[in-house]
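*Asks:* using only what follows, build the 3D model:
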Amino acid sequence: MTFTAIDFETATGYHPCSVGIVTVENGVIVDEFVSLIKPPNNIYSPFTIQVHGIYPRDTVNSKSFAQVFPEIRKRLQNRVIVAHNESFDRNVLAKSMALYNLNYNDLNIGSRWECTVKIYKAKGFRPTKLSDCCREMEIQLNHHEALSDARACAKLYLLR
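*Replies:* Numbers count the residues shown, from 1 in each chain. Model (predicted):
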């Protein structure tokens, strides 16, 4: 079981304000990375702030997605990628890369990722929100904190 789990928190739409990445080698977590990201113009939706508790003041001096991307790339390139609701996180990555003229294909990762929502839905879990799956599987979670979400997703994938 060698893969990388990722979670983005967003400021607006598909503009990330935080990323958490957990690298698993042979079933063991070997690396964790988390970073705040300054979204374009440091603009946030009140709704997203309510969800994750990250405010413009928290990212005003943070790096842009393009500046954080080298750390993201080295953890994702040529890997199996896992996310909870993978289409959301995949779109955040792809759209952010496009915004900064970065080529998604250079990552050499799938056009679809492994999805713990789909995996746990197929196992009969209802509902399949990350918090619900973690409660059922007894996985510690500080929901909507990117690294905690990515770590929980990795653990869910390991237990599938």
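*Asks:* list the buried residues of stretch 53-66.
*Replies:* With burial defined by 16 or more other C-beta atoms under 10 Å, the residues of stretch 53-66 counted as buried are 54, 58-59, 62, 64-65. C-betas here are computed from N, CA, C, even on glycine.
*Asks:* again, but for stretch 92-105
*Replies:* Across stretch 92-105, burial judged by 16+ other C-beta under 10 Å covers 92-93, 96-97, 102.
*Asks:* and if you look at stretch 104-120?
*Replies:* Using 16+ other C-beta under 10 Å as the test for burial, stretch 104-120 gives 107, 109, 113-117, 119-120.
*Asks:* start to end distance for it?
*Replies:* For stretch 104-120, the first-to-last residue distance is 27 Å (C-alpha to C-alpha, to the nearest Å).
*Asks:* outside of that stretch, which residues touch it?
*Replies:* With contacts defined as C-beta atoms under 8 Å, 6 or more residues apart in numbering, stretch 104-120 is touched by 3, 73, 76-87, 89-90, 93-94, 97-98, 128, 130, 133, 153, 156-157, 160.
*Asks:* just the buried residues from those, in ChimeraX please.
*Replies:* Listed next is the ChimeraX selection for buried residues among the contacts of stretch 104-120, using 16+ other C-beta under 10 Å:
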select :3,76,79,80,81,82,83,84,85,86,89,90,93,97,128,130,133,153,156,157
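*Asks:* in strands, which of the contacts of stretch 104-120 fall?
*Replies:* Applying DSSP state E to the contacts of stretch 104-120, the entries found in strands are 3, 81-83.
*Asks:* farthest pair within these?
*Replies:* Spatial extent of the ones in strands among the contacts of stretch 104-120 (C-beta to C-beta) is set by the pair F3 and A83 at 10.5 Å.
*Asks:* helices of the chain, start to end?
*Replies:* Taking DSSP state H as the test, the helices found in the chain are 46-52, 56-59, 65-76, 86-99, 116-122, 130-137, 146-158.
*Asks:* now the buried residues of stretch 92-105 as JSON lines including pLDDT and distance to I29?
*Replies:* Converted to JSON lines, these look like this (pLDDT from 0 to 100; distance: C-beta to C-beta, whole Å):
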{"residue": "V92", "pLDDT": "98", "distance to I29": "22"}
{"residue": "L93", "pLDDT": "98", "distance to I29": "21"}
{"residue": "S96", "pLDDT": "98", "distance to I29": "25"}
{"residue": "M97", "pLDDT": "98", "distance to I29": "25"}
{"residue": "L102", "pLDDT": "98", "distance to I29": "27"}
